[in-house]
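Participant: next comes the sequence, and after it the predicted model I'd like to discuss.
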Amino acid sequence: MPGKAEQIIAVLHDEIVNTFDALMPWFGKDRQIRAFRSAHEEWNAELVLEHVMLANHYLLLLIEKGKKKALRIADGSKIKEILDGYELSNPVLDEIGIDHSFKWRCPEHMIPTGSHSLDHVQQEVVKQRSTLLGILDQLSHGEGVIYTMHMSVHSLGTLDVYQYIYFLLKHMQRHIQQMSGIESEYHASIT
């Protein structure tokens, strides 16, 4: 039976693969669907994709910083102690992945402008997937629990490096749901 650290890594690995696999088809959707502006959404799917890329970029800066600090201060006995009662998620963190579950004000530096080509956004998202998988490989012995950072969104408070990765993935899932809603509204508008 795998240990707690291996279980966390396996869950995050699967979440990364599944979330990015769910996002990637949006780059190949019909241009009319990607450009459709829903009556209920301020962004079309192309802008949502750009926002996801931007948010991932800034979250990855924090995750990389946290990873380096976690590896520097890693202490096997402290990691084991934290892992004994550790939970990767909680209901408030899971709520991040549900579209319209709460009002979320986007930080200005993550607001899409449409200035990035769809190809550029896609290339960056592919790199971000690889970066996340690489971080998991580097934190494969539970080191991600040892360093925490503050997260103000939805009053989450303190998250460790693994939970920051989980947050990033839940944020992506939220926007995948948003784009699915936009696509549904597009199809309803043409019938």
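Facilitator: The structure has been received and is ready for your questions.
Participant: what's near enough to touch residue 95?
Facilitator: When contacts are counted by Cβ atoms under 8 Å, 6 or more residues apart in numbering, residue 95 touches 101-102, 154. No exception for glycine: its C-beta is placed from N, CA and C like everyone else's.
Participant: can you lay out those as TSV showing neighbour count, pLDDT and distance to residue 59?
Facilitator: Output for the contacts of residue 95, formatted as TSV (neighbours: other Cβ atoms under 10 Å; pLDDT from 0 to 100; distance: Cβ to Cβ, whole Å):
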residue	neighbour count	pLDDT	distance to residue 59
101	14	89	19
102	11	83	18
154	15	86	14
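Participant: so which of these is the closest to residue 122?
Facilitator: Using Cβ to Cβ, residue 101 comes nearest to residue 122 of the contacts of residue 95, at 27.1 Å.
Participant: packing partners for the host helix or strand of residue 170?
Facilitator: Assigned by DSSP states H and E, residue 170 falls within helix 161-189. Helix 161-189 makes packing contacts with helix 4-23, helix 31-35, helix 45-73, helix 91-95, helix 118-138, strand 148-151 when contacts are defined by 3 or more Cβ pairs under 8 Å, 6 or more residues apart in numbering; DSSP states H and E.
Participant: can you rerun that using 10 Å?
Facilitator: Contacting helix 161-189 under the criterion 3 or more Cβ pairs under 10 Å, 6 or more residues apart in numbering; DSSP states H and E are the following elements: helix 4-23, helix 31-35, helix 45-73, helix 91-95, helix 118-138, strand 148-151, strand 157-160.
Participant: turn those into TSV, including distance to residue 81 and mean pLDDT.
Facilitator: As requested, the helices and strands packed on helix 161-189 are exported to TSV (distance: least, Cβ to Cβ, whole Å; pLDDT from 0 to 100):
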stretch	distance to residue 81	mean pLDDT
helix 4-23	11	97
helix 31-35	48	97
helix 45-73	14	98
helix 91-95	22	94
helix 118-138	21	98
strand 148-151	14	96
strand 157-160	13	96
